[in-house]
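S.K.: just coords:
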Ligand code: HEM
């Protein structure tokens with residue numbers, strides 16, 4: 001086992017943890033539990049930040065993996081991958097603004113951007129896990 005073979009599993013795990021926090025945080029705020037919402041969303045941010053750290057290390061340690069699937073699954077894989085990477089870049093500043101508004105107590109503005117940030121973040125998280133499963137388990 002080396003960094004290149006271990007890290008994808010660690011990053012996928014952190015991604016799943018972040019997804020769990022996101023869903024939990026959403027359930028909390030819908031139920032009016034603001035403090036639990038804050039804690040869960042900060043958990044999601046920490047898990048995602050760790051994910052990003054390991055992800056960067058991974059790409060220094062390993063070559064880019066070539067997807068081995070053939071046929072119709074190829075365009076599906078690349079559509080998921082490209083949309084995942086593009087939206088991952090988009091959500092980083094959105095998460096920052098969402099957090100900033102919450103920390104400044106601007107709860108009039110926070111939900112306005114959060115209603116975009118949350119579904120996009122969920123999409124990035126879920127597609128990250130699907131891409132991982134396709135690349136390392138289903139078509140390895
Ligand atoms: C980036 C992380 C976060 C995301 C994605 C997020 C997401 C959301 C969403 C989607 C809503 C609206 C829920 C609805 O439809 O009713 C909301 C509301 C709220 N969030 Fe967050 N949140 C985040 C971080 C935080 C933090 C750190 C705090 C506390 C410091 C916080 C406090 C609140 C409060 C108090 C509301 C209710 C506002 C109101 O309607 O009065 N959120 N959040």
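M.R.: Looks like it arrived, so ask away. Everything numeric here is computed off the predicted structure, so don't read it as measured data.
S.K.: excluding its backbone neighbours, what's nearest residue 58?
M.R.: Distances taken as Cβ to Cβ, 6 or more residues apart in numbering place residue 7 nearest to residue 58, at 3.9 Å, with adjacent residues excluded. The C-beta positions use only the backbone N, C-alpha and C, and glycine is treated the same way.
S.K.: Check residue 38 too.
M.R.: Spatial nearest neighbour of residue 38, excluding adjacent residues (Cβ to Cβ, 6+ apart): residue 102 at 7.2 Å.
S.K.: residues contacting the one you found?
M.R.: Under the criterion of Cβ atoms under 8 Å, 6 or more residues apart in numbering, the neighbours of residue 102 are 38, 41, 110.
S.K.: any idea which helix or strand comes after the longest helix seen in the chain?
M.R.: Secondary structure assigned by DSSP state H gives helix 73-103 as the longest helix of the chain. Helices and strands here follow DSSP states H and E; after helix 73-103, the next one along the chain is helix 110-133.
S.K.: The longest helix of the chain versus helix 110-133: what angle between them?
M.R.: Put simply, helix 73-103 runs at 150 degrees to helix 110-133, going by axes from the mean of the first three to the mean of the last three Cα atoms, to 10 degrees.
S.K.: in helix 73-103, what counts as buried?
M.R.: By neighbour count on 16 or more other Cβ atoms under 10 Å, the buried set for helix 73-103 is 77, 80, 81, 84, 88, 91, 94, 95, 98, 99, 101, 102.
S.K.: Stretch 29-37 now?
M.R.: Neighbour counts over stretch 29-37 (16+ other Cβ under 10 Å) mark 29, 37 as buried.
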